[in-house]
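Colleague: coordinates only, sequence not included:
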C-alpha cells in the first residue's frame with residue numbers, strides 16, 4: 001500500500017507541474033490612464049513635477065507635459 005500511495009503522489013505532482021507549464025504565465029490587467037487638460041495650470045508646461053502638483057489639487061493622480069504647445073495634462077486611472 002505504501003508504494004502505490006507514493007506513486008500516486010508523484011504522478012499527481014507531475015500532472016500538476018505539466019498543466020502549470022501549459023497554461024502559460026499569469027498576466028495582470030493594467031489600468032488605462034485617462035487624460036484631461038488641466039484647468040488651473042497657467043503658462044507653458046516645462047516640468048512634469050509642476051504639472052503633477054497642480055493636477056493633484058484638481059483631484060487627479062498625476063500630470064504630464066505634452067504636445068508642441070507644452071500643455072499640462074492631468075492623469076488618472078479610468
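Modeller: Everything's here; your move. Everything numeric in this text was worked out from a predicted model, so none of it was measured.
Colleague: just checking, residue 77 touches residue 29?
Modeller: No - in this structure, residue 77 is not within contact of residue 29 by CB atoms under 8 Å, at 11.4 Å. Placement of C-beta: from N, CA and C, glycine included.
Colleague: quick one, which of those two is more surrounded?
Modeller: Between residue 77 and residue 29, residue 77 has the larger neighbour count (other CB atoms under 10 Å), namely 10 against 5.
Colleague: Need the per-residue pLDDT for the nearest residue to the more buried one once chain neighbours are set aside.
Modeller: Sequence neighbours aside, residue 31 is the residue nearest to residue 77 in space, at 4.3 Å (criterion: CB to CB, 6 or more residues apart in numbering). We have a pLDDT of 80 for residue 31.
Colleague: In three-state terms, how would residue 31 be classified?
Modeller: Following DSSP: H, G, I helix; E, B strand; the rest coil, we place residue 31 in the coil state.
Colleague: Pairing partners for the longest strand belonging to the chain, with directions?
Modeller: Ranked by residue count under DSSP state E, the longest strand found in the chain is strand 71-77. With DSSP bridges as the test, strand 71-77 is paired with strand 33-37 (antiparallel), strand 62-66 (antiparallel).
Colleague: ok, the residue most central in space within the chain - contacts?
Modeller: By CA atoms, centre = their mean, the chain has its centre lying nearest to residue 30, at 3.8 Å. Residue 30 makes contact with no residue, according to CB atoms under 8 Å, 6 or more residues apart in numbering.
Colleague: quick one: it and residue 78, what's the gap?
Modeller: For residue 30, the distance to residue 78 equals 11 Å [CB to CB, to the nearest Å].
Colleague: before we move on, back to that, now do the buried residues in the longest strand of the chain.
Modeller: Going by neighbour count (16 or more other CB atoms under 10 Å), the buried part of strand 71-77 is 72, 73, 74, 75, 76.
Colleague: Can you classify residue 14 by secondary structure?
Modeller: helix.
Colleague: Any idea how many residues pack against it?
Modeller: With other CB under 10 Å as criterion, residue 14 counts 10.
Colleague: Tell me how far it lies from residue 6.
Modeller: Distance from residue 14 to residue 6, by CB to CB: 13 Å.
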